[in-house]
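A.B. asks: how would this look folded up:
(4 chains)
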There are 4 protein chains.
Amino acid sequence: MAGSTFGTIFRITTWGESHGKALGVVIDGCPAGVPLEEADIQLFMDRRKPGNNPLATARKEGDKVEILSGVFEGVTTGCPISIVVKNEDQHSKDYSALEKVYRPGHADYTYDAKYGIRDYRGGGRSSGRETIGRVAAGAVAQKVLKTLGVDVYAYTRSIGPIEIDEENFCKDAIASTLSAMPDKEADQKVLEYMKDLKAHQDSIGGVMECVVEGLPAGIGNPVFDKLDADLSKAIMSIGAVKAVEIGDGVLASKAKGSENNDSFVLDKGEIVKQTNRAGGILGGMSDGSPIRIRAHVKPTPSISQEQATVHKEEGNIAIVIQGRHDPVIVPRAVVVMECMTAITVLDALLINMSSKIEDIYKFYQ
Amino acid sequence: MAGSTFGTIFRITTWGESHGKALGVVIDGCPAGVPLEEADIQLFMDRRKPGNNPLATARKEGDKVEILSGVFEGVTTGCPISIVVKNEDQHSKDYSALEKVYRPGHADYTYDAKYGIRDYRGGGRSSGRETIGRVAAGAVAQKVLKTLGVDVYAYTRSIGPIEIDEENFCKDAIASTLSAMPDKEADQKVLEYMKDLKAHQDSIGGVMECVVEGLPAGIGNPVFDKLDADLSKAIMSIGAVKAVEIGDGVLASKAKGSENNDSFVLDKGEIVKQTNRAGGILGGMSDGSPIRIRAHVKPTPSISQEQATVHKEEGNIAIVIQGRHDPVIVPRAVVVMECMTAITVLDALLINMSSKIEDIYKFYQ
Amino acid sequence: MAGSTFGTIFRITTWGESHGKALGVVIDGCPAGVPLEEADIQLFMDRRKPGNNPLATARKEGDKVEILSGVFEGVTTGCPISIVVKNEDQHSKDYSALEKVYRPGHADYTYDAKYGIRDYRGGGRSSGRETIGRVAAGAVAQKVLKTLGVDVYAYTRSIGPIEIDEENFCKDAIASTLSAMPDKEADQKVLEYMKDLKAHQDSIGGVMECVVEGLPAGIGNPVFDKLDADLSKAIMSIGAVKAVEIGDGVLASKAKGSENNDSFVLDKGEIVKQTNRAGGILGGMSDGSPIRIRAHVKPTPSISQEQATVHKEEGNIAIVIQGRHDPVIVPRAVVVMECMTAITVLDALLINMSSKIEDIYKFYQ
Amino acid sequence: MAGSTFGTIFRITTWGESHGKALGVVIDGCPAGVPLEEADIQLFMDRRKPGNNPLATARKEGDKVEILSGVFEGVTTGCPISIVVKNEDQHSKDYSALEKVYRPGHADYTYDAKYGIRDYRGGGRSSGRETIGRVAAGAVAQKVLKTLGVDVYAYTRSIGPIEIDEENFCKDAIASTLSAMPDKEADQKVLEYMKDLKAHQDSIGGVMECVVEGLPAGIGNPVFDKLDADLSKAIMSIGAVKAVEIGDGVLASKAKGSENNDSFVLDKGEIVKQTNRAGGILGGMSDGSPIRIRAHVKPTPSISQEQATVHKEEGNIAIVIQGRHDPVIVPRAVVVMECMTAITVLDALLINMSSKIEDIYKFYQ
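C.D. replies: A predicted model of the protein is given here:
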């Protein structure tokens, strides 16, 4: 069935495979009147682009963004925005050996089980390139959110054993470090660590974190479309994510009520929380504090070490995976997490406009 | 907007507040021909019912299930099944003091922020009693899944510092222990621990786990409606859940590819995984191994200790929360997790029937 | 699958069968802050209630409305509103003879074909009583629309050969005539006509019309969720409706462009149409003129004349349908059409609030 | 909001404007294993293509179909199918005079009202070219339906005063006549009629009809997603359609029950209807007889006669519309109606697979 659409009012539909002609997204429900050009989107696309980075695959893709509809004279019209990125540097032949082999940790086996056929070139639809559509749509969502004073940003929290030190936290560093860490020292350690890892032909997992600031209280739709529930779906739908935490997350399960509750206090006439263990969400709605989400990412399943698996015809075999792969997914996935968060938050903001009759009345007066 | 509906083909809509006249659910899309009576649902309802249990609130509710539609002569007809449970033991007056107070850790503030009004009696819609509709629907989903050979069960993994010992694992114990732990020894420790906790007027968090066995491979709908994404939403939408893990979950972020990949192997002609770090899901679809999900639950926010908060008119105040509350949410939430998982898995199974043209062709021949 | 839910933001889910325990609806996404009591809904329910009316079935039902959730201290809270009406005067035994018989013009055969089982008592889910949920929800939508200055009203246009005379049009008469016609003379003719019809044990079709006044321009969502498309679905989903027209409707297919186009003209600074052949909708969005929809309703299929049909076991048979039936559906269906229109229009109004970035910006400033 | 998506399991999302870079569709949920190539779709696209036809616009477009994803080695993979058609022959300058003018009968005014901006070149998103995405998706649906033995075909029933004669009905003629009529004599009369019409610089409306044969009984989902309700939405969403009829349609409103009921009869062990006034749908589900739908289409609003309208700055003006326009929409819209019907029917067929527990059990055994 149709699983490639996400969102209710700001709704995206992505398509495309790793080695097909192109990948893209249709954004339906983007408000009219937003100034938008390809450069706005390219900025985000370049953050997930592979390239000359020891942490990323050697595949070279320009990932050039083209807008085909929904924008007229530089402004969104309210009509669906179709965005396309062509594939260029496909080495499809690298993959012919994989036609009948199920790579461990990959989706080869499950795609075959469900559909009876799969585009085995570069993982087909299950490739990381699938996220191109998400990032293009997220770039548009970010542009709208900025207008509304909502700031969404994500970064790498840890790669394997190396974690950022909160004391070194520097938001600007996210864009300049190869690891997308907001801590230049930790970033250096990561680079050292990755050298060693590559020498062992292995890959590593990591943690990414996303923060939403400036969101008013009351955003989210209980009891199923709670903001934390929708964010969990959005983030967990990114390939390789295996756990999602909101605020204190797993720590909350060891905490006592007296420790975990965030007290409210009046601060210059505003109701604020004194702490933010809740991660900005209470009862499935934003509470005015920053929203904090963490995603745990598994190591890249493609490694050059020999692994045991099954060949459809030959039975049990050993394989060594060829091709070009990221030794760690996190640095390039950070922008994907940020984009999925932005899309989810924007959709919830738009839905929220009709919560109260007085607001509706004022709107239509 | 409408956030009280969940699912695509097997679709549930819940309604009701803690101190309203009743709570319930409409199940739309339940297949016709399923034998169903109120007792089937009551069995599940009794597992979440409060009662004479040192781990639960003292509120006494019969929580008697009534089916109003969709079942004819003991069999489902394919028409919407409306299920209602009346509220009986409301002590609404306990709550009048809370009309203008925002309890820490509760949704009072966010409901006010969104809607400008809230039913403050017992938490209104944000009460744990909201889950009555989920459990009623989940009972029906479980009945259908059993027919299909799919076994979904959940249990308490830990309460505060006390965790089950895998070596003591006894599935039958889940139903008989007060903590819903599959380990009688751990359960005993929990009872001791809770005595101490109550003496300190505090509450505690915990971890619950759900397992799905017997699910065929290929269930789930990439790229957004992946099985793990939908399960994360389903579980995170349960009040008090702050983190969701699939398989190894947070551990995957520290692991290497060589450790984390599950190798495939032919076993008596069947392709199986040698290990199950993935928790039964690859690329967003079931892989034939058991699905393992963990949910981290925060401590009950209602505690009798004095807490700082804000009164809408009086400003900063200290409150002591009266009323009847569970000192730990987990034992009663386990059945809710099981039910949300069952609903999600059943919906995905029904959607999956039209994945391949050859299956459709065979169906309509 | 789940076909009992309608709407996106203002979303209703109906349930219940003719001879089950009760029928009802859950309204999810109703804005918070709307004053609402059972009497508001009862007013609409009484318009569809059978009773001592020569045009209606003799079945006597109080159709007493009960609100079970979503309203607190007389005001909607934004949470799902559950409304229930109990069945009282079921003569289920009247129907036992129909268990294995397919009544001509009824849905008996198709329900059996789809589900393999059907509640044959009084048509089960396919009974006209199914509309109770629609009317309850429509009453709430009407209450909200009134606040916004939108007036939705429906009436009988014709019954068999007798049509209203536009010159006699009197809106107030709709509520007082037994036929729900806005023309007292035509109503008298209908009563005469029906006597004759009853003497022949026959039933008759008719036409109902619905008008929406005060709707701002721009409501509706191209290209699939156009206002006329959604209205058509809403109206066609009412049992016995066989055709839907917008504005000039079928006449447009014989018209020339020079005749059919409505010219725009500036009238006191406002852009208005000089004529309204379009029926208030252009390009799938409201154009500021009144919206006009017509629905063509087939005659009641239950007639006391002998008819040929099939018995599951006995093969070809002749039947005479017992029980209590309306000789014409239209007068009681008028309120259903009005309600479905109100629900559709309100949903479109709520969705429309996020069409322009400047409106969103103003809202969140 | 997002109104450009249609369908639940077989779900399409269209995008593109008349004078943008391209138009297209994403088909999500197409079953895997369907042989598909661009030529399959081109065949349908050519039926709606403008060209050297006295009944159509002079705009020349190759309308060349390109598949960008979802097909691997000539077979669908179950992943979203992205199809694109580039615009070529845009005379955008023809339209600059229309920037501030509201053409009568067009959507210029309503798009401005809703979005505050519109792509005024050739009608933008409200152009007939918007249907390119519908036709591409419908071609795929038709390919699947053919495999299942379901035949969907549409044709012109009347243009202005000229209607087909049922006695001349020749299905093969649909493809060969310029009017898409299944009656060569009527087609000749249309050509004569159109000459005269053109001489008067006018346009004309018409009626199209669609038939579905071979559909099993029980398809459709009461009470809102009834097959006739969904078809009505699908057809009414096509620009210029002003009325939809099922079976006898408007005639049913003048009929008596004794005339309108279709009797059931056993014919060689099969239950069939002796007549088909119902148009193949009872209670919102297919009844095994052919489904018959009629759509009434208004005349092309663009005519070269002078018309009164409003200019945003100059106020009341007279305009003569330049550009290239079809004098009648019906012949090119027939394939659009056929495609929307095919999409709706296929989606309903896929959803239907999970109606009965015994079918689900058999499927998963």
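
A.B. asks: how many neighbours does the nearest residue in space to A:Lys86 that is not next to it in sequence have?
C.D. replies: If you skip the residues right next to it in sequence, A:Lys86 has A:Ala22 as its closest partner in space, 4.7 Å away by CB to CB, 6 or more residues apart in numbering or on different chains. Where you see a C-beta, it was placed from the backbone N, CA and C, and this is true even at glycine. A:Ala22 is flanked by 19 other residues according to other CB atoms under 10 Å in any protein chain shown.

A.B. asks: A:Ala22 touches A:Gly16, doesn't it?
C.D. replies: Yes - with contact defined as CB atoms under 8 Å, A:Ala22 reaches A:Gly16; the gap is 6.0 Å.

A.B. asks: what sits against the residue nearest to A:Lys86?
C.D. replies: Listed by CB atoms under 8 Å, 6 or more residues apart in numbering or on different chains, the contact set of A:Ala22 reads A:16, A:84-87, D:68-69, D:82.

A.B. asks: who touches both of A:Ala22 and A:Gly16?
C.D. replies: The contact lists of A:Ala22 and A:Gly16 share A:85, D:68-69, D:82, where a contact means CB under 8 Å, 6+ apart.

A.B. asks: would you format the residues you listed as a markdown table with neighbour count included?
C.D. replies: As requested, the shared contacts of A:Ala22 and A:Gly16 are arranged in a markdown table below (neighbours: other CB atoms under 10 Å in any protein chain shown):
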| residue | neighbour count |
| --- | --- |
| A:Val85 | 25 |
| D:Leu68 | 23 |
| D:Ser69 | 25 |
| D:Ser82 | 32 |
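
A.B. asks: neighbours around the closest residue to chain C within the stretch 151-300 of chain A, how many?
C.D. replies: Nearest residue of the stretch 151-300 of chain A to chain C: A:Pro216, at 6.6 Å (CB to the nearest CB). For A:Pro216, the tally of surrounding residues (other CB under 10 Å) stands at 16.

A.B. asks: same check on A:Phe169?
C.D. replies: 13.

A.B. asks: same question for the one 10 residues further on.
C.D. replies: As a burial measure, the neighbour count of A:Ser179 was computed by other CB under 10 Å and equals 30.

A.B. asks: let me know the secondary structure of it.
C.D. replies: Secondary structure state of A:Ser179, per DSSP: H, G, I helix; E, B strand; the rest coil, is coil.

A.B. asks: contacts only, for it.
C.D. replies: By CB under 8 Å, 6+ apart, the contact list for A:Ser179 reads A:55, A:156, A:159, A:186-187, A:190-191, A:330-331.

A.B. asks: A:Lys64 too?
C.D. replies: Applying CB under 8 Å, 6+ apart as the definition, the contact partners of A:Lys64 turn out to be A:42, A:85-86.

A.B. asks: same question, A:Gly105
C.D. replies: Taking CB under 8 Å, 6+ apart, one finds A:298, A:301-302, B:257, B:260-262, B:278, B:282 in contact with A:Gly105.

A.B. asks: so what pLDDT did A:Gly133 get?
C.D. replies: The pLDDT attached to A:Gly133 in the predicted structure is 98.

A.B. asks: kindly report the same for the one 5 residues further on.
C.D. replies: What the model reports for A:Gly138 is a pLDDT of 98.

A.B. asks: nearest spatial neighbour of it, chain-adjacent residues omitted?
C.D. replies: According to CB to CB, 6+ apart, the nearest residue to A:Gly138 is A:Cys339 (2.1 Å).

A.B. asks: so which of the contacts of A:Gly105 are in strands?
C.D. replies: Among these, the subset assigned to strands under DSSP state E consists of B:Leu282.

A.B. asks: can you pick the most crowded of the contacts of A:Gly105?
C.D. replies: Comparing these on neighbour count, B:Leu282 comes out first with 32 neighbours (neighbours: other CB under 10 Å).

A.B. asks: okay, and the beta partners of it?
C.D. replies: Using DSSP bridges, the bridge partners assigned to B:Leu282 are B:Met285.

A.B. asks: once you drop chain neighbours, what's closest to the residue in the stretch 101-250 of chain A positioned nearest to chain C?
C.D. replies: Using CB to the nearest CB, A:Leu148 is the residue of the stretch 101-250 of chain A that sits closest to chain C, at 5.1 Å. Using CB to CB, 6+ apart and skipping residues adjacent in sequence, the residue nearest A:Leu148 is C:Tyr364, 5.1 Å away.

A.B. asks: so, low pLDDT: which residues of chain A?
C.D. replies: Along chain A, the model assigns pLDDT under 70 to residues A:1, A:51-52, A:54, A:58, A:90-94, A:323-324.

A.B. asks: now with 90, please.
C.D. replies: Judged against pLDDT under 90, the low-scoring parts of chain A cover residues A:1-2, A:48-62, A:88-99, A:121-123, A:198, A:269, A:321-326.

A.B. asks: which parts of it sit against chain C?
C.D. replies: Proximity of chain A to chain C is assessed by CB under 8 Å from any CB of the partner chain, with A:8-9, A:29, A:31-34, A:76, A:78-79, A:144, A:147-149, A:216, A:222, A:349-351, A:353-361, A:363-364 identified as the residues in range.

A.B. asks: by neighbours, which of the contacts of A:Ser179 wins?
C.D. replies: Comparing the contacts of A:Ser179 on neighbour count, A:Ile159 comes out first with 34 neighbours (neighbours: other CB under 10 Å).

A.B. asks: so what's the residue count around A:Ala137?
C.D. replies: One way to gauge burial is a neighbour count; for A:Ala137, by other CB under 10 Å, it gives 31.

A.B. asks: do A:Asp267 as well
C.D. replies: Applying the criterion other CB under 10 Å, we find 12 residues in the vicinity of A:Asp267.

A.B. asks: who's it bridged to?
C.D. replies: Applying DSSP bridges to A:Asp267 yields these beta-bridge partners: A:Glu270.

A.B. asks: what's the angle between the top helix by length along chain A and helix C:330-352?
C.D. replies: Scanning chain A for the longest helix, with DSSP state H as the assignment, gives helix A:330-352. For helix A:330-352 against helix C:330-352, the angle by axes from the mean of the first three to the mean of the last three CA atoms, to 10 degrees is 130 degrees.

A.B. asks: out of the contacts of A:Lys64, which sit inside strands?
C.D. replies: Counting by DSSP E, the contacts of A:Lys64 place A:85-86 in strands.

A.B. asks: so where do the strands sit in the stretch 151-300 of chain A?
C.D. replies: A:151-159, A:162-163, A:206-213, A:241-246, A:264-267, A:270-273, A:281-282, A:285-286, A:291-297 (DSSP state E, counting those that start in this stretch).
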